[in-house]
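> make a model of this:
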Amino acid sequence: MSDIFSIGLSGLNAAQNGLSVTSNNIANVSTPGYNVQYLTQANSRTQYVGFGFLGQGVDTTNVIRTYNQYLVAQQQHATTNDSFFSTQLQQLSQINNMLNDSSISVNASMNSFFSALQTLSQDPGSMPSRQAVLSMGQALATNMTGISSQLQQLQIGANGQISASVTSINNLAQQIASYNGQIAALTGGNTTIGQPNDLLDKRDQAVLQLNKLISTSVSVAADGSYSISVGSGQTLVSGAQTNTLTTQQDPANPLNVQIGFTEPNGSTTILPNNLISGGQLGALLNYRDGPLLQTQQQLGTLAINFSAAMNYQNQLGKDRNGNPGQPMFADLSAYAANPQYAAANFQLLMGDPKLLATASNLTYTGTTLPPGTTSPTTMSGVWSSMPGTYAGQINASPPTFPAATSHPAYAMTGMTITAAASGTSVTMTATITGGSAPGTYNVVPDPINANGYKLVDNSTPPKDLGIGFQLSGSPVAGQVFNVGQAPNTPSLGDNSNLRQIIAQRNANLVSNQSYETYYSSTVTSIGNQTGSATLQSQSMKATLQQATTNVSNFSGVNLDQEASNLIKYQQAYQASGKIIQTAQTIFSTVLNMM
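Below you'll find the predicted structure:
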């Protein structure tokens, strides 16, 4: 009878334990990271009773969680990739939305500026038109610095998120190390005995959260503890011990923070960005030092080259007072090595509309003819323009910015254009005296201007020297046209230099592109990167969803299964109770017989 009672009691205890495990599974159906648990049982040691062996009931041997390390590793990897691309998309969208905001478009402001210049060219002496040019120049500067300021705020925000991510990484590392310690204390490092499943789940969930922030490598030690490394093998967690990531100001860019790894000896090693991959932190570093920096540099390069070219040409002309032109915009050439800082300093220097140098710095002083000849042809205009070498210099890497004082026309003492017979046609040569490039040069037609010509140097192929002129007709052989420096007197109707300023609109002065094309390519590049990040983010979300589903299907709580288990263990409990009741009845019967 005692055997029957003990067998019934063991069955009762086993069923009760099964009900507890099943109830716990049901209660944690929505707990993140919870792996369904199940009870393992074994029949108790049998006893020989002469005619054979009788069972002694059931033993509850363990409570084990359903776990697949391969599926969990897939989920961690998918989580890292999903977090990376979703963060990248979120950050890129901010730049993309800003650059596509027509109210602050640099191209729109630049078009308004050139339109104002075009209007002024119709009446170069008009003070209202001159003021309109300066107003549009100021609007351009405001937009340029406004976009630069917004990009800087995005940079500050990204660095704030980087610092917050590092703090969260360190906190999660501490949690994982703490779980390692608690698990080791409960098991003594013995992985063959019952394990604290809830702590194992919490540790795995912390590792999953860590992978949202940074890509990790997880290894399991013989005692069951996790070792976690990042970067190129820097150990973040080892057993109950942790090392930490740190942030410190980047000496090369005070707005940025660098990521450091604190070694066990207390020293800190700066980690290159290419070692920190995946997760939110990897995405933020990639975004900050990739698309964001690229946009800042491209905007800065546009500001540098635009201001340099505008200043150069304006200094080649004469203003409304008849004085040599001065710079229109702040000189940003000092930022050429670090163009990301240039746009913030872009500003219109010119406040007096009279200082716009619309007139030429050269003037036609007369013509001489061979004895016995006549010619009605005169020089109707002469001007200085950008030499053919200018675009190559400003677009070079690193760029150089020629001074207007080095222009062949800037300080020349005189120039003669001589026509000579060449077969049935007339050719011309030019001789410059004084200045930076005295000598004799060929004259070729200028296809842009009717009856226009320009001087070319003696290189192969010949390059535009930066001096052009226009004749009223065809010269006769031997005719000489004389050119000198324009006097310091107002020439209100001359728009020769202004036309050269306007011509910059279509010149390839920024990375061998026009201003408008260059800025549009910047906007397009960010748009393309945003589109690519959108597709990658969608793909990674689908991958993560599938990986999460795989884990859930394998180790998640199935309420139908648990309901079945409830009935099974309830029936087992009732049946075991019946065994005990039977044993008690038999025992009472025996007592009554005595």
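> can you list the buried residues in stretch 164-176?
165, 166, 168, 169, 170, 172, 173, 175, 176 (16 or more other Cβ atoms under 10 Å). Bear in mind the C-beta positions are built from the backbone N, C-alpha and C, glycine included.
> pLDDT (mean, whole number) over it?
The predicted model assigns stretch 164-176 a mean pLDDT of 97.
> closest to residue 443 among the buried residues of stretch 164-176?
When these are ranked by distance to residue 443 (Cβ to Cβ), residue 165 comes first, at 65.5 Å.
> what residues are up against that closest one?
Shown in contact with residue 165 (Cβ atoms under 8 Å, 6 or more residues apart in numbering): 213, 214, 279, 280, 281, 284.
> same question, residue 329
With Cβ under 8 Å, 6+ apart, residue 329 has these contacts: 137, 141, 306, 307, 310, 311, 346, 347, 348, 349, 350.
> one step back: show me the buried residues of stretch 164-176 that map onto helices.
Counting by DSSP state H, the part of these found in helices is 165, 166, 168, 169, 170, 172, 173, 175, 176.
> quick check: the gap between the first one and residue 212.
By that I understand residue 165. Look at residue 165 and residue 212: by Cβ to Cβ, to the nearest Å, they are 9 Å apart.
> who are the neighbours in contact with residue 130?
Contacts of residue 130 (Cβ under 8 Å, 6+ apart): 120, 320, 353, 354, 356.
> with residue 523 instead?
99, 100.
> helix or strand right after the lowest-mean-pLDDT helix or strand in the chain?
Lowest by mean pLDDT, DSSP states H and E among the helices and strands of the chain is strand 47-48, with a mean of 78. Going down the chain from strand 47-48, the next helix or strand is strand 53-54, by DSSP states H and E.
> can you list the neighbours in contact with the helix or strand following that following strand?
Moving toward the C-terminus from strand 53-54, the next helix or strand (DSSP H and E) is strand 58-65. If you take Cβ under 8 Å, 6+ apart as the criterion, strand 58-65 is touched by 7, 10-11, 13-14, 17, 21, 35-44, 194-195, 197, 200-201, 555.
> parallel or antiparallel, list what pairs with strand 58-65.
strand 37-43 (antiparallel) (DSSP bridges).
> average pLDDT for the strand it pairs with?
90.
> contacts for it, please.
Residues outside strand 37-43 that contact it (Cβ under 8 Å, 6+ apart): 14, 17-18, 21, 24-25, 55-66, 197.
> would you mind checking these for buried ones?
Applying 16+ other Cβ under 10 Å to those flags 14, 18, 21, 24, 25, 57, 58, 60, 63, 64, 65, 197 as buried.
> for this protein, which spans come out with low pLDDT?
Judged by pLDDT under 70, the chain has its weakly predicted residues at 1-2, 423-424, 594.
> just to revisit the earlier point, list the strands paired with the least confident helix or strand of the chain, with their directions.
Sheet pairing of strand 47-48 (DSSP bridges) gives strand 53-54 (antiparallel).
> all strands in the stretch 351-500 of the chain, in order from the N-terminus.
Using DSSP state E, counting those that start in this stretch, the strands of the stretch 351-500 of the chain run over 359-360, 362-368, 379-384, 412-422, 425-434, 439-445, 452-456, 464-471, 480-485.
> let me have the ones you listed in TSV, extended by mean neighbour count and distance to residue 237.
Output for the strands of the stretch 351-500 of the chain, formatted as TSV (neighbours: other Cβ atoms under 10 Å; distance: least, Cβ to Cβ, whole Å):
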stretch	mean neighbour count	distance to residue 237
strand 359-360	28	74
strand 362-368	17	76
strand 379-384	22	69
strand 412-422	17	75
strand 425-434	16	76
strand 439-445	15	74
strand 452-456	21	71
strand 464-471	24	66
strand 480-485	19	77
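> need those strands in TSV (columns: distance to residue 149).
Below are the strands of the stretch 351-500 of the chain laid out as TSV (distance: least, Cβ to Cβ, whole Å):
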stretch	distance to residue 149
strand 359-360	37
strand 362-368	42
strand 379-384	36
strand 412-422	44
strand 425-434	47
strand 439-445	47
strand 452-456	42
strand 464-471	37
strand 480-485	43
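> is residue 139 part of a helix or strand, or is it coil?
helix (DSSP: H, G, I helix; E, B strand; the rest coil).
> got the contact list for the residue lying closest to it once chain neighbours are set aside?
Counting by Cβ to Cβ, 6 or more residues apart in numbering, the nearest residue to residue 139 once its immediate chain neighbours are dropped is residue 109, at 5.4 Å. The contact partners of residue 109, taken as Cβ under 8 Å, 6+ apart, are 136, 139, 140, 142, 143, 144.
> of the buried ones among the contacts of strand 37-43, closest to residue 483?
Residue 483 lies nearest to residue 65 out of the buried ones among the contacts of strand 37-43, by Cβ to Cβ, at 93.6 Å.
> which strand residues bridge the closest one?
With DSSP bridges as the rule, residue 65 is bridged to residue 37.
> secondary structure element holding the spatially closest residue to residue 403 that is not a sequence neighbour?
Sequence neighbours aside, residue 312 is the residue nearest to residue 403 in space, at 8.0 Å (criterion: Cβ to Cβ, 6+ apart). Per DSSP H and E, residue 312 falls inside helix 293-314.
> after that helix, which helix or strand is next?
strand 317-318.
> which residues sit against that following strand?
Contacts for strand 317-318 (Cβ under 8 Å, 6+ apart): 324-325, 357-361, 384, 486, 488, 491, 494, 496-498, 500-501.
> what's the first helix or strand after whichever strand or helix holds residue 530?
Per DSSP H and E: residue 530 is located in helix 515-555. Using DSSP H and E, the helix or strand that follows helix 515-555 towards the C-terminus is helix 559-593.
> on contacts alone, who are the packing partners of that next one?
helix 2-27 (3 or more Cβ pairs under 8 Å, 6 or more residues apart in numbering; DSSP states H and E).
> list the buried residues in the helix it packs on.
Under the neighbour-count criterion of 16+ other Cβ under 10 Å, helix 2-27 has 4-15, 18-19, 21-22, 24-25 buried.
> so where do the helices sit in the stretch 151-300 of the chain?
197-213, 279-287, 293-314 (DSSP state H, counting those that start in this stretch).
> pick the most deeply packed of those helices.
Highest mean neighbour count of the helices of the stretch 151-300 of the chain: helix 279-287, a mean of 25 (counted as mean count of other Cβ atoms under 10 Å).
> now the angle from that helix to helix 293-314?
Interaxial angle, helix 279-287 versus helix 293-314 (axes from the mean of the first three to the mean of the last three Cα atoms, to 10 degrees): 20 degrees.
> tilt between helix 279-287 and helix 515-555?
Using the same axes, to 10 degrees: helix 279-287 against helix 515-555 is 170 degrees.
> so what's the gap between helix 279-287 and the chain middle?
In terms of Cα atoms, centre = their mean, to the nearest Å, the centre of helix 279-287 is found 9 Å from the chain centre.
> kind regards, and thank you for your time.
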